[in-house]
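Trainee: following is a predicted model, sequence given first.
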Amino acid sequence: MNLQNLQDILLTWLLYHGIKIIAILIGAYLINYFGKIFIEKTVRKLIKPEKEAKDSEAEKKREDTLIKAFISFLSLFVWIAAILMILSEFEMNIGPLLVGAGVIGVALGFGFQYIIRDFLAGIFIIIEDQYRVGDVVNIANVGGLVQDISLRKTVLRDLDGREHHIANGEIRKASNLSKEFSGVNLNIGVAYKENLEHVIEVVNRVGKELAEEPQWKDKIITTPQFLRVDDFADSAIIIKILGDTKTLKQWEVKGELRKRLKIAFDEEDIEIPFPQMSVWPRGKWE
């Protein structure tokens, strides 16, 4: 085979296969490019924010996390398909490659099943908006402020300042303490000798005064007030007080309400009893 024949063969190959390879690369690039645009617009349109989104930055981060995940899946699929098509243009038998990839995929599947589980769980957490950055939640027996959410894990910071990294696949139950509104749920014991109607009047008055003060009214949605007698305990009658607050304001409202109730009970001579034990001696006194 002389040089001229080699050049002719190479030119023929380039005109036929080379153009196909270029077309495959251009097609993969265009699919990837327009796919990214489509995914971003679709996610931004379908993932609706809450009616009262408290943090637009957290909302955008939630959408960006989903967009990044879907784009990564798209790019991986498109470029793997493009590489296999290009290899076929070199007249390589990709059948054994596909079989080998399948075997490797099964082996890797067993090794990466927990990672895949974490990623799928993370996608559903973000799509369903179970919680977001800035919320206070209880997940996997850990409570704290959500500092970060990715497809693989959730990062919490508890009241002691400890940072917890929890794999999303480990989360079976998520309790969000700060979604839409929060609640004041308070049980207080008063002595059996007290007049319950008087106690109820004092409780409701204190709750109403708290809810009307400028410093607190913007944090309270429903005025804390007496709900019911919750229990006849050993040393006290337990009354339940309920109210609604803005998200993450329940603890400070509850603390202020406790303080004011103690002051009001002292002023009204309402006793908050403590457990007592009566001892009756026997022996020489009998």
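Mentor: Cool, got the structure. Residues are numbered from 1 along each chain as shown.

Trainee: by mean pLDDT, point me to the weakest helix or strand of this structure.
Mentor: Least confident helix or strand of the chain, by mean pLDDT, DSSP states H and E, is helix 94-111 with a mean of 58.

Trainee: next helix or strand past the host helix or strand of Val137?
Mentor: Applying DSSP states H and E as the criterion places Val137 in strand 136-139. Following strand 136-139 in sequence order, the next helix or strand is strand 142-149 (DSSP H and E).

Trainee: ok, and what's touching that following strand?
Mentor: 62, 65, 122, 125-126, 131-137, 154-159, 162-164, 166, 177 (Cβ atoms under 8 Å, 6 or more residues apart in numbering). For every residue, glycine as well, the C-beta is placed using N, CA and C.

Trainee: now do the helices in the protein.
Mentor: Ranges of helices in the chain, per DSSP state H, are 3-13, 19-46, 56-89, 94-111, 113-127, 196-212, 214-217, 250-267.

Trainee: need the per-residue pLDDT for the residue nearest in space to the middle of the chain.
Mentor: The chain has Tyr131 as the residue nearest its centroid, 2.7 Å off, counting by Cα atoms, centre = their mean. As predicted, Tyr131 sits at a pLDDT of 88.

Trainee: what's the closest non-adjacent residue to Ala82?
Mentor: Spatial nearest neighbour of Ala82, excluding adjacent residues (Cβ to Cβ, 6 or more residues apart in numbering): Ala28 at 3.9 Å.

Trainee: so for Lys173, which of the helices of the chain sits nearest?
Mentor: helix 113-127 (12.2 Å; Cβ to Cβ).

Trainee: helices or strands next to that closest one in the packing?
Mentor: Packed against helix 113-127 by the contact rule (3 or more Cβ pairs under 8 Å, 6 or more residues apart in numbering; DSSP states H and E) you find helix 56-89, strand 142-149, strand 153-157.

Trainee: okay, these in CSV with mean neighbour count next?
Mentor: CSV is the format used below for these (neighbours: other Cβ atoms under 10 Å):
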stretch, mean neighbour count
helix 56-89, 15
strand 142-149, 17
strand 153-157, 20
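
Trainee: of all the ones you listed, which one is nearest Glu256?
Mentor: strand 142-149 (21.0 Å).
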